[in-house]
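Engineer: Prediction below, plus the sequence it came from.
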Amino acid sequence: MLEDPAGLYWLAILDRYVLRWPLIILAFLEVTAMGWVYGVDNLLDNIKWMTGKYPPVYLFWKMLWKYVCPVVYMLILSFVWQEWEILSYEKYLFPHWTSLVGWGLSLVPLLIIIVAGVEELVGARGTFSQDCFWDGSRS
C-alpha cells in the first residue's frame, strides 16, 4: 500500500494520526499504571532485587514516576493537539474524509488496550471490586 503512487499520502495520514497522539496516550497510561497501579515502591524494590541496591535519590524517582512523568505526557499531548491543522502534503490539501479515516485509525491502538482490559476483567475470578482493588490477599 505504501509503495504505490498514493503511498506517500497514506504515509502522511499514518504519520499524522497514528504515530503522534495515540503513542503519547499509551505512554501516559503505561507510566500511570506503573506509578499508581503496580506502585513505584514495587518497581524500586524490583530494581533493588536486580542490582542489589536502591537507585540513588530514592525520593526523586518516586516523585518523577508518580507525578512528573504523567504531567509531562499530558503537556506534550496538549501541545500536539494545539498545533493540529488540516492535513496536507506539499501543496495538496487532503479532503475531509481523510481526517475521519485518520481519527479512526488513531483509535485502533487505544481500542486494543480497552478491549484487552475488559477481557481481563470479565475472565477474572472473584468480584469486580476484588479485581479492581486487589489488596494482595488472594493468590
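Structural biologist: Received, thanks. Numbers count the residues shown, from 1 in each chain.

Engineer: Please make it C-alpha for all contacts and neighbour counts, starting now.
Structural biologist: Noted.

Engineer: now Val101: how far from Pro95?
Structural biologist: Separation of Val101 from Pro95 (Cα to Cα, to the nearest Å): 11 Å.

Engineer: Now do stretch 46-64: distance from first to last residue.
Structural biologist: End-to-end distance for stretch 46-64, by Cα to Cα: 17 Å.

Engineer: Show me what that stretch is in contact with.
Structural biologist: The contact list for stretch 46-64, computed with Cα atoms under 8 Å, 6 or more residues apart in numbering, reads 40-41, 44-45.

Engineer: now the residues you listed in JSON lines, with secondary structure, distance to Leu77 and neighbour count?
Structural biologist: As requested, the contacts of stretch 46-64 are arranged in JSON lines below (DSSP: H, G, I helix; E, B strand; the rest coil; distance: Cα to Cα, whole Å; neighbours: other Cα atoms under 10 Å):
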{"residue": "Val40", "secondary structure": "helix", "distance to Leu77": "23", "neighbour count": "20"}
{"residue": "Asp41", "secondary structure": "helix", "distance to Leu77": "27", "neighbour count": "15"}
{"residue": "Leu44", "secondary structure": "helix", "distance to Leu77": "27", "neighbour count": "17"}
{"residue": "Asp45", "secondary structure": "helix", "distance to Leu77": "31", "neighbour count": "16"}
